[in-house]
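> Predicted model and sequence follow; I will ask about them next.
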Number of protein chains: 2
Amino acid sequence: MDGLITDEADGSVPPATLTEAIYGRIRKDILLGLFKPGDKLKLDALRQRYVASVNTLRETLSRLVSEGLVANEGQRGFTVVPASLADLQDITEMRTLLECHAANLSLQRADLDWESRVVAAYHKLSKIEEVVEGDPKRYSPLLERYNREFHQALISACGSRWLLTFHGFMYDQSLRYRMLAFQVRDFPRDQSRREHRQILDAALARDADTLVSVLSAHINKGAKLYEQEGLIRDAGPKRRPRAAGKSRSRKK
Amino acid sequence: MDGLITDEADGSVPPATLTEAIYGRIRKDILLGLFKPGDKLKLDALRQRYVASVNTLRETLSRLVSEGLVANEGQRGFTVVPASLADLQDITEMRTLLECHAANLSLQRADLDWESRVVAAYHKLSKIEEVVEGDPKRYSPLLERYNREFHQALISACGSRWLLTFHGFMYDQSLRYRMLAFQVRDFPRDQSRREHRQILDAALARDADTLVSVLSAHINKGAKLYEQEGLIRDAGPKRRPRAAGKSRSRKK
DNA sequence: CAAATCACAAATATAGGAAATTATGTCATT
DNA sequence: AATGACATAATTTCCTATATTTGTGATTTG
């Protein structure tokens, strides 16, 4: 994004502080399903896993709370946000709304830079998909990465910083459900190669209507695959309601 | 939202921890324009103002970073996110998109509870507007509050938790610009009584098309008022780019 | 002589450890 | 079986140490 030369080959900024580094690691571990929905994130345990102090951990977890990946609730620590069918559907609808809207805007503002970003991202994605099709059971981090980059490239010319931010949130949330689905069984890899091709063609043809319909179908078809029974327990472990009004005493 | 009986008359949950309380206070102080865009948030100064330790402050600021109200950048502390015309326009467009979409959904799912929430919220807002019209220069926190509650009630039946969350973000961001405008001069109070009435009527009549057009106009008209020259300096104090790749040493 | 460079001191941010507060689980008692 | 007291575990908070940035003035260089 920023045309600067950095250490990182992929253009991402290397974390300048320990907090940032650990933030990235925990975030990744939640999205990848290493911590499951409802899991308690005990500070002492985390302190061992990632070698860091309590404050550093609290700081990163606080950020994840604002992003909707971690819950905090009162005086009883941090937990991974629970997963539910209703939540998945909400996320899917929201991602559809944002991504289609952003894709539309991108088409309107499309220039050569955008077009080449899309083509390049598609090329990478396509090559990996070809490889993975031979071994559909294997989880491929590279496929996930290029898939994301393709979808991001598509909307990268929308011109709205906030739209990109919100879409990023929703993409990550849906990624979490995708990864949760992977964990349960060898996941029937969705054959999305053709769909990606259709998306690319519609984008290059500047055909907004087709693009929106294909993109929308693509997103929702993907989400449907994660809605398998057993994947999601709608209610987490029930907690007793907190005593209201009490426990409000602190010295000084 | 949660029908529980709490200490607070307005239904909001009382902060259970110091961090939560201070989070709310700093958030409010930024939105009200007490801290201006680009301001440095020095930890030691904050430690005095809100009586709390450094870690508590860092935790709250970290959350505000994820919400887009505070910036963090590397090893040089926290600053209030800068304000710009482009940002205001982006926020306005985004809020329009989300609020109109949510209002539409609300109409579809409208029930008696929703209708009475809207009517009640309008009633409060209307009464306050009547009072404030007599003294247009005065800043009225109650007006701000009831305005928010009216807009929230309108979309409260949309059924999407994420839509409400994102809309809340955008509403707060636009509120910040509104407050910044107030600071510069006695702000010509926008005569939005009629518009609110029109919104209410369209909502009760279940007239989606009219509702969307009136609501959209209302939001954009408001934002136009904040776009006054001098309110916003588009570029903050320029910083030199950080030395890439260097300064990556930490003992142990 | 001006501008840039460097070294040093002060200010500030980040991270670690420990104390204080609150929640949780266990076991005896009613 | 329910209640209460106690011990233990976990969370929240503060204080202190280290590392980094920033400001100041002297020195060198063009």
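It's in.

> can you map out the strands along chain A?
Secondary structure of chain A (DSSP state E): strands at A:40-41, A:70-71, A:78-80.

> who does the longest one pair up with?
In other words, strand A:78-80. Applying DSSP bridges to the sheet, strand A:78-80 is found paired with strand A:40-41 (antiparallel), strand A:70-71 (antiparallel).

> winner for burial among the strands of chain A?
Mean neighbour count (mean count of other CB atoms under 10 Å in any protein chain shown) peaks for strand A:78-80 among these, with a mean of 21. (Each C-beta comes from the backbone N, C-alpha and C, glycine too.)

> neighbours around the nearest residue to residue A:195 once chain neighbours are set aside, how many?
Distances taken as CB to CB, 6 or more residues apart in numbering or on different chains put residue A:218 closest to residue A:195, at 4.5 Å, once the chain neighbours are dropped. Per other CB atoms under 10 Å in any protein chain shown, the neighbour tally for residue A:218 reads 20.

> any chance of the strands paired with strand A:78-80 in CSV, with mean pLDDT too?
Shown next, in CSV, are these (pLDDT from 0 to 100):
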stretch, mean pLDDT
strand A:40-41, 98
strand A:70-71, 98
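
> I'd like the ones you listed as a markdown table, with distance to residue A:223 appended.
Listed next are the strands paired with strand A:78-80 as a markdown table, based on distance: least, CB to CB, whole Å:
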| stretch | distance to residue A:223 |
| --- | --- |
| strand A:40-41 | 26 |
| strand A:70-71 | 22 |
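
> Can I get the ones you listed in JSON lines including distance to DNA strand D?
Shown next, in JSON lines, are the strands paired with strand A:78-80 (distance: least, CB to the nearest atom of the strand, whole Å):
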{"stretch": "strand A:40-41", "distance to DNA strand D": "6"}
{"stretch": "strand A:70-71", "distance to DNA strand D": "11"}
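
> And the closest residue to residue A:109 other than its chain neighbours, what's its pLDDT?
Spatial nearest neighbour of residue A:109, excluding adjacent residues (CB to CB, 6+ apart): residue A:157 at 4.9 Å. On pLDDT, residue A:157 comes in at 98.

> so how far is DNA strand C from residue A:157?
33 Å (CB to the nearest atom of the strand, to the nearest Å).

> Next up, the contacts around that residue.
The contact partners of residue A:157, taken as CB atoms under 8 Å, 6 or more residues apart in numbering or on different chains, are A:105-106, A:109-111, A:113-114.

> what do you get if the cut-off is 7 Å, keeping everything else the same?
Residues counted as contacts of residue A:157 (CB atoms under 7 Å, 6 or more residues apart in numbering or on different chains) are A:106, A:109-111, A:114.

> Could you tell me which of those residues belong to helices?
Counting by DSSP state H, the contacts of residue A:157 place A:106, A:114 in helices.

> Mark which of the contacts of residue A:157 are buried, thanks.
The neighbour-count test (16 or more other CB atoms under 10 Å in any protein chain shown) applied to the contacts of residue A:157 identifies A:106, A:114 as buried.

> hmm, back to that, how near is the residue nearest to residue A:195 to chain B?
Using CB to the nearest CB, to the nearest Å, one gets 20 Å for the distance from residue A:218 to chain B.

> Look up the closest residue to the residue nearest the centre of chain A, ignoring the ones flanking it.
Residue closest to the average C-alpha location in chain A (CA atoms, centre = their mean): residue A:172, at 0.9 Å. Distances taken as CB to CB, 6+ apart place residue A:31 nearest to residue A:172, at 5.9 Å, with adjacent residues excluded.

> same deal with residue A:176?
Residue A:176 sits nearest to residue A:31 (CB to CB, 6+ apart), 5.1 Å away.

> Show me which residues of the stretch 1-150 of chain A sit near DNA strand D.
Contacts of the stretch 1-150 of chain A with DNA strand D, taken as CB under 7 Å from any atom of the strand, map to A:16, A:40-44, A:54-55, A:58, A:72, A:74-78.

> Which of those fall within helices?
Using DSSP H, those in helices are A:43-44, A:54-55, A:58.
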